[in-house]
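**Student:** Give me a model of this one.
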Amino acid sequence: MATLEVKNLHVAVQTEDGQKPILRGVDLTVRSGETHAIMGPNGSGKSTLAYSIAGHPKYTITDGTVTLNGADVLGMTVDARARAGMFLAMQYPVEVPGVSVANFLRTAKTALDGEAPKLRTWAREVTDAMSKVAMDPEFAQRNVNEGFSGGEKKRHEIVQLELLNPKFAILDETDSGLDIDALKIVAQGVNRFAGQGDRGVLLITHYTRILRYIQPDFVHVFVGGRIAEEGGAELAEQLEAEGYDKYSKAAV
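**Tutor:** Below is the predicted model:
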């Protein structure tokens, strides 16, 4: 069992006028076997939390800690965080011209495991992972995300999740830009990962529609760079009915 713990996290971003605070004291604990949904309006700091945990250089940690099984995550390089078992699915996956999906996946797996996967079995594993998300195996020979639709990019991230099999998956608006069919396929991939029982999921979204297919154990309402309320899956249903307005007014 593993635990990802965020304590009193304060994060700022540099602007022309100086540092602008984004996160204002976030406390969050995600344990193996748990699925947490972070919900909130645009601009509330949800993505900042994801990128700060992953180590994006744009964001400056001004206070607080992030630990994985007691180890200081903030003191790790980005690649060390990945080797420790952390995975980030980005809201807007980037294109990597000149690098095929097959090479990208094998290089990532090699970096995590410290040795290259066996070619005769790896090709089959990649094909199997792609078939689970209804991706044509020919995508393995295409450049990473280049010319991919929004749904294809998100399916590719689920392929990565399947093959790299981290301890904790941080999924930043994985439902963004998906039609209903792609949403179901992506949700099934997340459920397969979470269903292993010893993996943690931190799912960031501002819509409830993905939670019709992924059942969270905990829901956190994120407003103004803080967690304003916490509850179970029923809290998502309340947000669907009432929106974020009362939380936004209270945060002003």
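**Student:** now the helices: where do they sit in the stretch 51-200 of the chain?
**Tutor:** 78-83, 101-113, 119-132, 150-164, 180-194 (DSSP state H, counting those that start in this stretch).
**Student:** Determine which stretch of those helices is the most buried.
**Tutor:** Of all those, helix 150-164 has the most neighbours on average by mean count of other CB atoms under 10 Å, namely a mean of 21. In short, each C-beta sits where N, CA and C put it, glycine included.
**Student:** who does that one touch, helix- and strand-wise?
**Tutor:** strand 86-89, helix 101-113, helix 119-132, helix 180-194 (3 or more CB pairs under 8 Å, 6 or more residues apart in numbering; DSSP states H and E).
**Student:** Show me the contact partners of the first one.
**Tutor:** Outside of strand 86-89, the residues that reach it under the criterion CB atoms under 8 Å, 6 or more residues apart in numbering are 4, 50-51, 53-54, 68, 73, 154, 157-158, 160-161, 164, 166-172, 174.
**Student:** and what of the last one?
**Tutor:** Judged by CB under 8 Å, 6+ apart, the contacts made with helix 180-194 from elsewhere in the structure are 35, 132-134, 150-151, 154-155, 158, 161-162, 165, 169, 171, 174-175, 178, 199, 201, 203, 209-210, 213-214.
**Student:** pLDDT on it, on average?
**Tutor:** Mean pLDDT, helix 180-194: 96.
**Student:** That one vs helix 150-164, what angle?
**Tutor:** 10 degrees (axes from the mean of the first three to the mean of the last three CA atoms, to 10 degrees).
**Student:** any idea how far helix 180-194 is from the chain center?
**Tutor:** 13 Å (CA atoms, centre = their mean, to the nearest Å).
**Student:** tell me the mean pLDDT over the helix or strand following that helix?
**Tutor:** Beyond helix 180-194 on the C-terminal side, the first helix or strand identified by DSSP states H and E is strand 200-205. Averaged across strand 200-205, pLDDT comes to 96.
**Student:** thinking again about what came up before, output the helices and strands packed on helix 150-164 in TSV; the columns should cover distance to Leu239.
**Tutor:** Listed next are those as TSV, based on distance: least, CB to CB, whole Å:
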stretch	distance to Leu239
strand 86-89	22
helix 101-113	35
helix 119-132	30
helix 180-194	18
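**Student:** Would you mind telling me which of these is nearest Ala241?
**Tutor:** Within the helices and strands packed on helix 150-164, the stretch nearest Ala241 is helix 180-194; the backing value is 20.8 Å (CB to CB).
**Student:** what's the angle from that closest one to strand 200-205?
**Tutor:** Using the same axes, to 10 degrees, helix 180-194 lies at 160 degrees relative to strand 200-205.
**Student:** quick revisit: so which of the helices and strands packed on helix 150-164 gets nearest Glu230?
**Tutor:** That would be, of these and by CB to CB, helix 180-194, which comes in at 19.1 Å.
**Student:** Enumerate every residue touching Ala102.
**Tutor:** Taking CB under 8 Å, 6+ apart, one finds 126, 140-141 in contact with Ala102.
**Student:** hmm, back to that, among the helices and strands packed on helix 150-164, which is nearest Glu229?
**Tutor:** helix 180-194 (23.0 Å).
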